[in-house]
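Visitor: turn this into a structure:
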Amino acid sequence: MWLNCDLGESFGTWQMGLDSQVMPYLDAANIACGFHAGDADVMANTLLLAKQHNVTIGAHPSYPDKQGFGRRSMQLSKTELVNCLHYQIAALDGMAKVHGLNLHYVKPHGALYNDMMRDSAILQTVMQAVASYSPTLKLMLLATQAQSQHKQLAEQFKLHLLFEAFADRLYDDAGMLVARSQPNAVHCTEKTLEQVRTLSQFGYVTTVSNRKLVLNADTLCVHGDNLDAIEHIKQIRALLAPV
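Guide: Predicted coordinates for the structure are as follows:
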């Protein structure tokens, strides 16, 4: 599995994350496109940082909710959501081309990511938006027990998928992430590293009810928003193949 991380989430003088410290350990960077975080300068700087470290880049679009950091669901029509995604993908794609980079995938952010995993109509609209923007782009989504159905849906749009697991999050028995508001939803260092080990070596995670849940994941999401997280990523990187 390769490591991905949400980056470029600063805005103006407000700083979010330790992008320059985490980038050297990553395989892929999910770069905010301005609707939940990020701006033109932040996008450009993050792209240049990814180029410096030879990190694959993906668009990280969200609902238009900068005040809520994209963590609030919004009732958008199908056309509105498609246009919202095209606008954000195009912004990052255009800036990437200026710096000689190519966009490889799209990973929705926050509430939009959660909504598409729970609502097949929203997932279908997201797939349509990504596929209609470019046939070469892939869509990153959560690896769950519905993986085969998601692949079948994507085939209708001739869209390739990337399946993602999370290093530091607790799973329920259906393969969904336990809400952050619930106790122990985010693992401590020891449990994070154990989850990475079982995923990379044996392909399963241990759920909230202590079940072994098989997950076929292409990529592992890590977070680099504080110094402790950076240390975790160094240890995770050591467990996996080098960059």
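
Visitor: pLDDT score for the residue nearest the centre of the chain?
Guide: What sits nearest the mean C-alpha location of the chain, by C-alpha atoms, centre = their mean, is Lys107, with 4.7 Å. The pLDDT attached to Lys107 in the predicted structure is 98.

Visitor: any weak-confidence spans in this protein?
Guide: In the predicted model, the chain carries pLDDT under 70 at residues 224-226, 241-243.

Visitor: recalculate using a threshold of 80.
Guide: When residues are selected by pLDDT under 80, those of the chain lie in 17, 180, 224-229, 241-243.

Visitor: hmm, Tyr63 is touching Met116, no?
Guide: No: counting by C-beta atoms under 8 Å, no contact exists between Tyr63 and Met116, whose distance comes to 11.1 Å. C-betas here are computed from N, CA, C, even on glycine.

Visitor: mind listing what His86 touches?
Guide: Contacts were defined as C-beta atoms under 8 Å, 6 or more residues apart in numbering; by that measure His86 touches 129, 132-133.

Visitor: could I get the residues you listed as a markdown table with distance to His36, neighbour count and secondary structure?
Guide: As requested, the contacts of His86 are arranged in a markdown table below (distance: C-beta to C-beta, whole Å; neighbours: other C-beta atoms under 10 Å; DSSP: H, G, I helix; E, B strand; the rest coil):
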| residue | distance to His36 | neighbour count | secondary structure |
| --- | --- | --- | --- |
| Ala129 | 16 | 24 | helix |
| Ser132 | 22 | 14 | helix |
| Tyr133 | 19 | 18 | helix |
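
Visitor: would you map the strands across this protein?
Guide: 2-7, 28-32, 56-60, 103-106, 138-142, 160-166, 204-206, 212-214, 219-222 (DSSP state E).

Visitor: how about those strands in JSON lines, adding mean neighbour count?
Guide: Supplementary listing: these in JSON lines, determined by neighbours: other C-beta atoms under 10 Å:
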{"stretch": "strand 2-7", "mean neighbour count": "24"}
{"stretch": "strand 28-32", "mean neighbour count": "26"}
{"stretch": "strand 56-60", "mean neighbour count": "25"}
{"stretch": "strand 103-106", "mean neighbour count": "23"}
{"stretch": "strand 138-142", "mean neighbour count": "23"}
{"stretch": "strand 160-166", "mean neighbour count": "20"}
{"stretch": "strand 204-206", "mean neighbour count": "18"}
{"stretch": "strand 212-214", "mean neighbour count": "14"}
{"stretch": "strand 219-222", "mean neighbour count": "22"}
